Structures are given as C-alpha cells and as structure tokens.
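1. have a look at this prediction, sequence included:
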Amino acid sequence: MKIAIIGAGIIGSAIAKSLIKKKCGEKIIATRRKVEKLTELKALGAEVTRDNKYAAREGDVIILTVKPRDVKSVLKEIRSEIAGKLVISLAAAVPLQFLKSIAPEARFVRAMPNIAVLVQESFTAYCVGPEITEEDKETVKKIFGSMGKYVEVEEKDMDAITGLSGSGPAYIAILIEALKYAGLKVGLSRDIALLASAQTVLGTGKLIMETKMHSSELKDMVVTPAGTTIEGIYEIEESGIRSAIMRAVEAATRKSKQITESIKNG
Ligand SMILES: NC(=O)c1ccc[n+]([C@@H]2O[C@H](COP(=O)([O-])OP(=O)(O)OC[C@H]3O[C@@H](n4cnc5c(N)ncnc54)[C@H](OP(=O)(O)O)[C@@H]3O)[C@@H](O)[C@H]2O)c1
C-alpha cells in the first residue's frame with residue numbers, strides 16, 4: 001500500500017513519521033508547496049514533492065491534511081487522480097457531503113486525530129461515507145491503528161470530537177504547564193517539576209484506561225482524611241475548573257459547527 005499525504009504540515013508530517021516508524025505502507029509520499037520544509041521526512045525515507053497530482057496518482061490511499069479553506073482547491077486539482085480511490089480527509093469541520101460534491105468518484109473517510117500521533121498515541125475518531133467498502137474499513141483501521149487508538153463514530157459527532165480530543169492536547173498542555181509552575185512555586189527545580197507534572201498526567205490516563213477504574217474511585221484512592229490531597233482538592237473545587245473545561249470543549253465544538261456552516265454556504 002502506497003500512502004500519499006497531501007499537505008504535510010504539522011499533522012500530515014506527524015502522521016507520515018508515525019506511518020514510517022510503524023512500517024505501515026510500503027511507500028509514503030508527502031506533498032506541500034514549501035517542500036524544502038520536508039527534509040526531515042525525506043531523511044526518514046518518505047518521497048517528498050510539490051506535485052499533488054503525482055502523489056495522488058502514485059498513492060493507493062490518499063490522506064488529505066490541508067487546512068479546511070484549502071480542501072476545495074486541492075481536491076479539484078487531484079480529482080481525476082483520486083477517482084476510485086480511498087481518501088481520508090483530516091480537515092476539521094469539512095463534511096463528507098462537501099468532499100463528495102467536489103470529487104464524486106472518490107471514496108471518503110473523514111477523521112479527526114490529534115497531535116499525539118507524533119508518539120503513536122493519537123485518539124482518532126472517524127466516520128465513513130456510504131460508498132466505503134469493508135476492505136476500505138480494514139485499511140483505515142490499519143492506518144489509524146498505527147497512529148494510536150481509534151473509534152468509528154457517526155458524522156454528527158465529529159464537531160464534538162474536534163472540540164474534545166482534536167483540541168484536547170492543547171488543554172492538557174495548559175494543565176501540565178500549570179502543574180509545572182505550581183511545582184516551581186513550591187520550590188522544585190524546572191526539570192523535576194515538568195517530569196512530575198507530565199508523568200502524573202500520563203500515568204493517570206493510563207491507570208484509567210487499563211484498570212477501567214472510575215475517575216472518582218481513583219480520586220478517592222488518593223485522598224486520606226485530613227491529609228494533603230483533600231487540601232488541594234478543596235482549592236480546585238472552588239476554582240470552577242470543571243466548568244471552565246466544559247465551556248472550552250463546548251466553545252471549540254461550536255466553532256467547528258460554525259466552520260462547517262460557512263463551508264456549506266460557500
Ligand atoms: N494540528 C493538529 O493538531 C490537527 C489535529 C487534527 C486535525 N487537524 C487538521 O489537519 C489539517 C492541517 O492542520 P495542520 O495543523 O497540520 O496545519 P498546517 O501545519 O498548516 O498544514 C497544512 C499544510 O498544507 C500545506 N498546503 C497548503 N496548500 C497546499 C497545496 N495547495 N498543496 C499542497 N500542500 C498545501 C501547507 O504547506 P505549504 O504552505 O508549504 O504548501 C501546510 O503545511 C487541518 O485541516 C486541521 O483541521 C489538525
């Protein structure tokens with residue numbers, strides 16, 4: 001399977017690196033206009049080019065990673081090359097129907113990974129068009145499986161996924177930064193404060209994933225009566241952090257919906 005990545009910027013390059021690392025696909029072809037920025041990918045073994053048509057012609061599967069505003073022009077450019085092929089679009093807020101209206105002969109999957117694909121720990125949600133075959137689904141699972149965890153959802157859920165896990169690494173980065181600065185405030189060195197913060201987030205996520213433990217059960221395991229943790233929790237609960245996070249996801253979801261509407265209205 002040859003995989004063409006059209007628009008290899010931040011997420012496209014991260015996916016290319018992940019596919020190469022996991023040996024998913026016999027050949028990776030990556031495109032962007034400023035092709036000189038793809039030297040690292042080239043050194044890793046990808047073919048890099050400015051020529052979208054060539055890449056689309058060569059690829060058995062096409063992964064489209066341009067910004068939402070560029071999807072229309074790029075799809076028009078490669079339309080004849082992607083006829084009869086599986087195309088995975090990662091463009092936030094761009095609906096399957098819109099993709100299909102531009103290149104009706106291609107078979108589309110719409111997906112939302114996140115930047116943790118760089119360490120093969122993405123959460124990727126995807127939805128499929130009615131023309132997608134069982135074989136396509138297997139191909140898609142192989143690709144997304146090499147990037148981390150994945151789940152198929154209905155298209156109506158894609159805006160919420162964008163607001164939660166697509167944007168999520170940015171929210172968690174803020175949390176880690178806050179923990180790190182808290183560590184500095186209570187006298188830890190920078191290195192130890194960062195390691196303690198990031199590893200605590202990683203370990204807590206892993207604990208919940210692997211034990212299927214409820215988050216409140218986990219919290220209870222750390223709290224002892226009149227101990228240190230309850231002092232911290234008391235401050236957190238007063239801060240409104242829960243509703244701030246809920247509002248953040250809601251706002252990002254709303255924005256994704258707005259972009260969808262503006263795309264639909266041309
Ligand atoms: N970043 C994330 O965490 C993330 C997560 C999930 C989904 N996404 C989605 O992924 C898409 C890309 O996001 P990004 O953050 O990776 O943006 P980005 O870094 O700007 O990547 C987009 C790339 O497309 C290239 N491009 C633009 N026009 C092109 C053309 N005509 N032909 C070939 N390449 C072209 C640009 O490079 P040149 O200017 O050199 O051509 C740019 O590097 C977006 O639709 C976004 O919604 C991003």
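-> Good, I have the coordinates. Numbers count the residues shown, from 1 in each chain.

2. can you give me the end-to-end span of stretch 5-14?
-> Criterion Cα to Cα, to the nearest Å; first-to-last residue distance in stretch 5-14 is 11 Å.

3. show me the contact partners of that stretch.
-> Stretch 5-14 is contacted by residues 15-16, 28-32, 38, 40-41, 48, 52, 55-56, 62-67, 70, 74, 78, 90, 113, 115, 117-118 when judged by Cβ atoms under 8 Å, 6 or more residues apart in numbering. Placement of C-beta: from N, CA and C, glycine included.

4. among those residues, which are located in strands?
-> Among the contacts of stretch 5-14, the members found in strands (DSSP state E) are 28-31, 48, 62-64.

5. including distance to Thr224 and neighbour count, could those residues go into a markdown table?
-> Formatted as a markdown table, the ones in strands among the contacts of stretch 5-14 follow (distance: Cβ to Cβ, whole Å; neighbours: other Cβ atoms under 10 Å):
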| residue | distance to Thr224 | neighbour count |
| --- | --- | --- |
| Ile28 | 51 | 26 |
| Ile29 | 56 | 25 |
| Ala30 | 52 | 29 |
| Thr31 | 56 | 27 |
| Val48 | 56 | 23 |
| Ile62 | 55 | 28 |
| Ile63 | 49 | 26 |
| Leu64 | 52 | 28 |
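
6. closest to Asp136 among those?
-> Checking the ones in strands among the contacts of stretch 5-14 against Asp136 by Cβ to Cβ gives Ile62 as the nearest, at 12.1 Å.

7. against the ligand, how distant is that closest one?
-> Per Cβ to the nearest ligand atom, to the nearest Å, Ile62 is found 12 Å from the ligand.

8. returning to that earlier point: nearest to the ligand, of the ones in strands among the contacts of stretch 5-14?
-> Among the ones in strands among the contacts of stretch 5-14, Thr31 lies closest to the ligand (Cβ to the nearest ligand atom), at 4.9 Å.

9. phi, psi of the residue in the stretch 1-150 of the chain positioned nearest to the ligand?
-> For the stretch 1-150 of the chain, the residue closest to the ligand is Gly9, as judged by Cβ to the nearest ligand atom, at 1.9 Å. Note on Gly9: its backbone torsions stand at phi -90, psi -130 [degrees, to the nearest 10].

10. likewise for Leu86?
-> Torsion angles, degrees, to the nearest 10, at Leu86: phi -80, psi 120.

11. quick check: it touching Val109?
-> Yes. Counting by Cβ atoms under 8 Å, Leu86 touches Val109, with 7.0 Å between them.
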